[in-house]
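**Q** Predicted model, plus sequence, below.
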Amino acid sequence: MTEFRQRSPEPSTGEAPRLLAGRYQLQNLIASGGMAEVWRAHDLVLTRDVAVKILHSHFATDAALIERFAREARAAARLTHPAIVAIYDTIADGETNAIVMELISGITLREYMDLQGPLPPEDAIEIAAAVADALRCAHEAGIVHRDIKPANILLCDDRRVKVTDFGIAKVAVDDDMTHAGTLLGTAKYLSPEQVSGAAVDPRSDIYSLAVVLYEALCGTVPFNGDSDAAIALARLQREPISPRQIRPSISRDLDGLVRRALAVSPEDRPPTAAAFRASLLGLSHDAASDLGPDPTTVAHIFANPVDDSFVRSERRWIVPSLLIVIIGGSLILAGALFGRTDAGQNLFERAREVVRFESPLSSKPKSAPLPIVEAIPFDPFGSGAPGENDEQASAAIDGDPNTSWPTEFYSDRNMGVKPGVGFRISVGQPTTLDRLSITSESSDWAASIYVHRGVPATFEEWGYPITTAEGIAPGETNFDLMGNTGDSVLIWITDLGPGPPGEFRVRLANVALYGQVPG
């Protein structure tokens with residue numbers, strides 16, 4: 001479903017674009033898999049581009065498979081998270097069955113690694129942590145993805161990471177709809193319990209994500225073989241080679257965490273995706289490389305397995321590491337010379353242009369408070385006099401907790417027929433945003449936070465929320481803006497919380513924005 005910048009559109013057949021459900025006008029084919037095709041399409045009702053995943057026509061008579069396809073949509077549509085590709089609609093148009101999804105501009109992690117090779121540890125950690133947070137959301141909803149792999153992880157042009165394709169997800173409390181003896185998922189990334197046919201739970205996704213992280217760090221998956229069956233069975237028969245055995249520059253803490261997540265027994269892995277993410281983010285950034293130059297470009301490392309006793313003792317690596325330092329220095333020089341050649345420069349520039357993905361943890365400027373140049377209520381669905389206590393807006397950004405901006409009074413906490421009311425702040429120029437702090441005396445209210453470049457004229461132009469919170473308690477609440485770039489932030493209040501009859505409102509006492517200030 002990704003809009004790949006390096007691909008040319010499918011050639012036109014000369015026919016008029018196909019219209020599905022009287023609404024979605026197909027434009028060009030994006031991707032095709034064993035079960036479905038993904039098309040770029042235009043939604044004529046909401047006037048926006050979307051991705052449409054269409055089940056292959058030869059499956060139209062398979063009622064069980066169509067039901068599984070519909071289950072995919074119902075399961076995924078329950079998930080609302082910045083790192084999960086959104087599901088908008090389902091289509092049953094004659095013999096055509098389809099799902100309408102968010103259209104992503106970016107590249108898959110599979111394509112990025114094929115282009116870039118092994119990633120810097122800090123980049124691999126950041127990507128894995130984002131995926132783990134998406135899995136946390138799914139697992140809390142009772143959904144196990146069951147097919148985490150680089151092709152299902154998207155690196156967006158705006159630097160967000162998104163997880164897609166819940167095509168073989170299942171609701172954990174329901175019966176498995178797959179046929180006996182059938183393995184769902186890609187062999188390289190299957191968990192041991194998927195291989196053996198045992199019960200699958202969220203820890204299976206943690207294993208698969210650990211395989212992805214291993215590959216991102218080492219440039220190879222932990223288990224390989226001549227066939228899918230051999231690859232799948234290998235994880236039941238032996239332990240993987242330690243990541244540090246392939247790439248000694250990986251820190252011991254990161255190596256230990258990856259190997260723990262690759263444990264054969266689910267009980268030995270991190271218990272939840274949230275716990276795995278916390279462990280990843282808890283790794284010291286400056287410990288990402290503690291053994292000197294990175295030797296991953298030495299081809300023989302991948303060709304010749306190293307003694308398994310590395311796990312028990314690393315002392316024998318002291319002398320080889322010195323040799324690697326010498327070899328690494330030569331490779332650095334060669335890399336510098338290559339980077340100055342036309343071929344080298346073209347490769348590096350193409351990677352930057354296609355992916356637009358930098359090393360965020362190693363070069364991220366310091367986060368600091370940002371000056372708010374404008375604060376104004378945003379009430380696009382109001383029916384009375386324009387505005388929403390506009391004259392009090394400055395009280396929310398004056399740094400004085402004793403002053404506040406209030407919404408108007410409403411008859412119920414859901415604001416009647418209004419979907420919400422907003423408060424917009426601006427920093428004047430596009431900035432990488434890290435955190436939004438809101439201090440409020442109100443209780444049990446809810447809000448979604450949006451980031452945008454420029455000032456949208458309508459609510460629809462804000463797109464999709466970066467994050468959402470419910471049951472917000474009095475005091476300070478922090479919202480993670482995840483490094484999104486923009487100059488405008490919208491606090492969209494959707495629930496006013498409890499209040500006296502006819503006097504439901506939310507008060508914002510202090511709003512502060514933090515971002516990356518160079519220097």
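**A** Now that the structure is in, tell me what you want to look at.

**Q** do you know how far Asp62 is from Ala21?
**A** Remark: distance between Asp62 and Ala21 (Cβ to Cβ, to the nearest Å) = 21 Å. Any C-beta I mention is one placed from the backbone N, CA and C, and that applies to glycine too.

**Q** In terms of neighbours, single out the busier of the two.
**A** Using other Cβ atoms under 10 Å as the criterion, Asp62 and Ala21 rank with Ala21 on top: 16 against 12.

**Q** Could you list the domains of this protein?
**A** According to automatic domain parsing, the chain comprises the domains 2-102, 107-363, 366-517.

**Q** residue contacts, Ala261?
**A** Ile206, Tyr207, Leu209, Ala210, Leu213, Arg269, Pro270, Phe276 (Cβ atoms under 8 Å, 6 or more residues apart in numbering).

**Q** what's the closest of the residues you listed to Val144?
**A** The shortest approach to Val144 among the contacts of Ala261 belongs to Ile206, at 10.4 Å (Cβ to Cβ).

**Q** who's in contact with stretch 450-462?
**A** Stretch 450-462 has contacts (Cβ under 8 Å, 6+ apart) with 46, 378, 380-381, 419, 422, 424, 426, 430, 433, 463-466, 481, 484-490, 492.

**Q** so is Trp492 in a helix, a strand, or just coil?
**A** On the three-state scheme (DSSP: H, G, I helix; E, B strand; the rest coil), Trp492 is labelled strand.

**Q** neighbours around it, how many?
**A** 20.

**Q** And the one 4 residues further on, by the same measure?
**A** Close neighbours of Leu496, defined as other Cβ under 10 Å, add up to 23.

**Q** Run through the bridge partners of Thr485.
**A** Thr432 (DSSP bridges).

**Q** And the pLDDT for it?
**A** Looking at Thr485, its pLDDT stands at 83.

**Q** Same check on Ala141?
**A** Reported pLDDT for Ala141: 87.

**Q** Could you pull up the contacting residues of it?
**A** Arg78, Leu79.

**Q** Now it: phi and psi?
**A** As for Ala141, its main-chain torsions (degrees, to the nearest 10) stand at phi -90, psi 0.

**Q** How much space separates it from Asp93?
**A** As judged by Cβ to Cβ, Ala141 and Asp93 stand 28 Å apart.

**Q** Next: Thr431.
**A** For Thr431 relative to Asp93 (Cβ to Cβ), the value is 44 Å.

**Q** cool, Asp255 as well?
**A** Going from Asp255 to Asp93 by Cβ to Cβ gives 51 Å.

**Q** Show me which of these two is the more surrounded one.
**A** Set Asp255 next to Asp93 and count neighbours by other Cβ under 10 Å: Asp255 wins out with 20 against 14.

**Q** quick one: that one and Ile241 touch, right?
**A** No: assessed by Cβ atoms under 8 Å, Asp255 is found out of contact with Ile241, at 10.8 Å.

**Q** Let me see the backbone angles for Val195.
**A** The phi and psi values for Val195, taken as degrees, to the nearest 10, are phi -60, psi -40.

**Q** what about the nearest residue to it once chain neighbours are set aside, which SS state?
**A** Nearest non-adjacent residue to Val195, counting by Cβ to Cβ, 6 or more residues apart in numbering: Ala232, 4.5 Å away. Here Ala232 is recorded as helix under three-state DSSP.

**Q** before we move on, what about Asn478?
**A** Classification of Asn478 by three-state DSSP places it in strand.

**Q** Also the one 4 residues further on?
**A** Each residue gets one of three states, and Met482 gets strand by three-state DSSP.

**Q** contacting residues around it?
**A** Pro82, Ala130, Arg160, Asp434, Ile466, Thr467.

**Q** re the thing from before, the residue nearest to Val195 and Gly197: what is the separation?
**A** Distance, Ala232 to Gly197, by Cβ to Cβ: 11 Å.

**Q** Look at those two and report which has more neighbours.
**A** Neighbour totals were compared for Ala232 and Gly197, and Ala232 leads with 23 against 12 (other Cβ under 10 Å).

**Q** The more buried one contacts Ser191, doesn't it?
**A** No: proximity of Ala232 to Ser191 does not meet the contact threshold set by Cβ under 8 Å, at 9.8 Å.
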